[in-house]
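>>> Below is the sequence, then the predicted model.
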Amino acid sequence: MNVNYGKLWQLCVERDIKTSKLIEDGVASKSTVYEMQKNNPVALQVIDKLCSYFKCQPCDVMEFV
């Protein structure tokens with residue numbers, strides 16, 4: 001099973017948030033953003049921060065395929 005962060009990138013586009021803003025706001029590190037861009041798994045703490053930041057659920061930023 002693989003993870004896909006396409007929903008996260010779509011959410012960023014919809015809310016006009018660049019990945020640099022996620023890094024600047026301390027939501028994710030540069031290396032974590034890079035890993036998510038490659039659809040690699042990241043720590044649950046990162047998903048938690050993303051959900052708090054966007055006020056959403058994990059299924060709104062990622063999915064398993």
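Here it is on my side, so go on.
>>> sec struct for the residue most central in space within the chain, please.
By C-alpha atoms, centre = their mean, the chain has its centre lying nearest to L8, at 5.0 Å. Three-state assignment for L8 (DSSP: H, G, I helix; E, B strand; the rest coil): helix.
>>> That one contacts P58, correct?
No: the pair L8 and P58 fails to qualify as a contact (C-beta atoms under 8 Å) at a distance of 10.2 Å. C-beta coordinates here come from the backbone N, C-alpha and C atoms, glycine included.
>>> Mind giving me the packing neighbours of the strand or helix carrying M36?
Applying DSSP states H and E as the criterion places M36 in helix 30-37. Applying 3 or more C-beta pairs under 8 Å, 6 or more residues apart in numbering; DSSP states H and E, one finds that helix 30-37 makes contact with helix 19-24.
>>> Show me which helix runs longest in this structure.
Determined from DSSP state H, the single longest helix within the chain is helix 44-54.
>>> Check the offset of it from the chain's centre.
7 Å (C-alpha atoms, centre = their mean, to the nearest Å).
>>> what does it contact?
For helix 44-54, contacts defined as C-beta atoms under 8 Å, 6 or more residues apart in numbering pick out 8, 11, 15, 22, 25-28, 32, 36, 57-58, 60-62.
>>> Quick one: name whatever helix or strand follows that helix.
Next along from helix 44-54, by DSSP H and E: strand 63-64.
>>> strand partners of that following strand, parallel vs antiparallel please.
Taking DSSP bridges as the criterion, strand 63-64 forms sheet pairs with strand 3-4 (antiparallel).
>>> With that, I have no additional questions.
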